[in-house]
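*Asks:* structure of the sequence below:
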Amino acid sequence: MITRTEAEALIPEDASREIFKSTVENSVVLRLGRRLANLSAGQRRIPVMSALPLAYFVDGVPGEVSPSAENSLGFKETTGAEWKNVYLYAEEIACIVPIAISTLQDAAYDIFGEIKPYIGQAFGSVIDAAVLHGVNAPANWPDDIVLGANNAGNVLELGDVGDLYDDIMGYDAATTTPGLISHVELDGYMPNGFVAGIQMRGMLRGLRDTGSGLPLFRPAMTGMSPDSAPYTIDGLPTYFPLNGAYDPTESLMICGDWNKLVYAFRTDLTYKILDQAVIQDPTTGAIIYNLAQQDMVALRCYMRWGWALPNPINPVNDNESTRYPFSVLKPTTGATP
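*Replies:* Numbers count the residues shown, from 1 in each chain. Next up is the predicted model:
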């Protein structure tokens with residue numbers, strides 16, 4: 001009989017760190033977004049500028065009087081800035097992996113080493129699905145990126161500007177239709193990365209620069225860090241998540257200034273070995289596993305995590321309803337990706 005202590009001994013002491021690393025590798029949101037300091041409570045208030053201060057030239061010399069009015073020249077006028085609050089809420093994300101004790105006893109290989117990548121993939125998938133597409137997202141989280149881009153009008157369908165090159169890189173001056181990159185730039189942001197469904201890779205391989213004829217979609221330069229994307233478009237890193245979270249029926253590609261997406265942990269990824277628990281179906285309440293009765297142990301992993309999109313005002317676009325740091329390329333209506 002393997003006790004909980006013995007089961008814990010089968011798991012490396014740095015397990016949480018290794019699972020967390022795997023989670024980051026399996027989440028484009030964690031890779032591309034900007035991490036803030038860990039939360040000290042379940043929420044964080046983020047002051048966001050909603051009105052810009054103004055500067056101006058000072059007329060005349062201090063102490064002189066205007067000839068047209070009895071006002072002293074050289075006075076500095078006041079200017080103001082307005083702020084609003086955006087809140088980042090941390091929610092719990094968990095995963096429980098039950099393992100039969102007999103399996104642990106008889107295994108001729110590292111069971112934990114086998115399941116560890118899949119735990120990281122599971123956490124990465126649930127984060128990406130919620131943030132990119134709103135799948136099972138908590139009610140107090142902001143609109144997902146695809147919905148937010150739709151609401152701001154930063155969406156185009158395949159072929160709206162021209163061919164795929166124009167849809168990504170171009171701008172149709174005749175119809176004033178921006179391409180994917182232009183949508184973000186016209187809102188006052190500098191795009192720094194793409195995320196796309198794996199279905200797009202075949203389409204992108206045929207893209208060539210209209211001037212040089214060189215491939216637009218190319219491997220990243222050697223010597224980049226291991227966390228860098230293996231491909232670039234127009235010099236920007238391009239990721240193709242394989243964790244099952246990306247929905248190509250909603251978006252073929254997302255372009256954005258990912259630094260504007262911020263996230264933080266309330267509780268870092270931790271794990272615990274269970275050997276006496278009862279595991280129930282969350283919908284029906286039916287008992288799925290009675291660990292003690294069925295000679296099983298379970299590995300429970302969990303974290304508390306949240307994200308926000310402050311979206312402060314900028315000099316290029318001061319309209320909050322149309323200003324958004326992301327844009328989405330959607331499949332043609334009725335088409336199957």
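*Asks:* how many other residues sit next to the closest residue to Trp305 other than its chain neighbours?
*Replies:* What sits nearest to Trp305 in space, not counting adjacent residues and going by C-beta to C-beta, 6 or more residues apart in numbering, is Phe265, at 5.4 Å. To be clear about C-beta, it is placed using only N, CA and C from the backbone, and glycine gets the same treatment. Residues within reach of Phe265, counting by other C-beta atoms under 10 Å, total 17.
*Asks:* show me what contacts Phe265?
*Replies:* For Phe265, the contacting residues are Asn38, Leu39, Ala90, Met303, Arg304, Trp305, by C-beta atoms under 8 Å, 6 or more residues apart in numbering.
*Asks:* next step: the residues you listed restricted to strands.
*Replies:* Met303, Arg304, Trp305 (DSSP state E).
*Asks:* among the contacts of Phe265, who's most crowded?
*Replies:* Among those, Trp305 has the most neighbours (other C-beta under 10 Å), with 26 neighbours.
*Asks:* closest one of the ones in strands among the contacts of Phe265 to Ile198?
*Replies:* Comparing the ones in strands among the contacts of Phe265 against Ile198 with C-beta to C-beta places Trp305 closest, at 25.1 Å.
*Asks:* was I right about the closest one contacting Ile127?
*Replies:* Yes. In this structure Trp305 lies within contact range of Ile127 using C-beta atoms under 8 Å: 7.0 Å.
*Asks:* okay, now the unreliable bits of this protein?
*Replies:* Within the chain, the stretches with pLDDT under 70 are 1-21, 49-83, 108-109, 220-229, 334-337.
*Asks:* if we can go back for a sec, need the contacts of Phe265 in CSV (columns: distance to Gly256).
*Replies:* Shown next, in CSV, are the contacts of Phe265 (distance: C-beta to C-beta, whole Å):
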residue, distance to Gly256
Asn38, 25
Leu39, 24
Ala90, 23
Met303, 24
Arg304, 25
Trp305, 20
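*Asks:* out of the residues you listed, which is nearest to Ala245?
*Replies:* Nearest to Ala245 among the contacts of Phe265 is Trp305, at 14.7 Å by C-beta to C-beta.
*Asks:* check contacts around that closest one.
*Replies:* Applying C-beta under 8 Å, 6+ apart, the residues contacting Trp305 are Ala90, Glu91, Ile93, Ile127, Tyr263, Ala264, Phe265, Arg266.
*Asks:* helices of the chain, start to end?
*Replies:* Along the chain, counting by DSSP state H, helices occupy 4-9, 15-25, 28-32, 101-106, 111-133, 145-152, 164-169, 180-186, 200-204.
*Asks:* to Thr322, which of those lies closest?
*Replies:* Of all the helices of the chain, it is helix 145-152 that lies closest to Thr322, at 5.4 Å by C-beta to C-beta.
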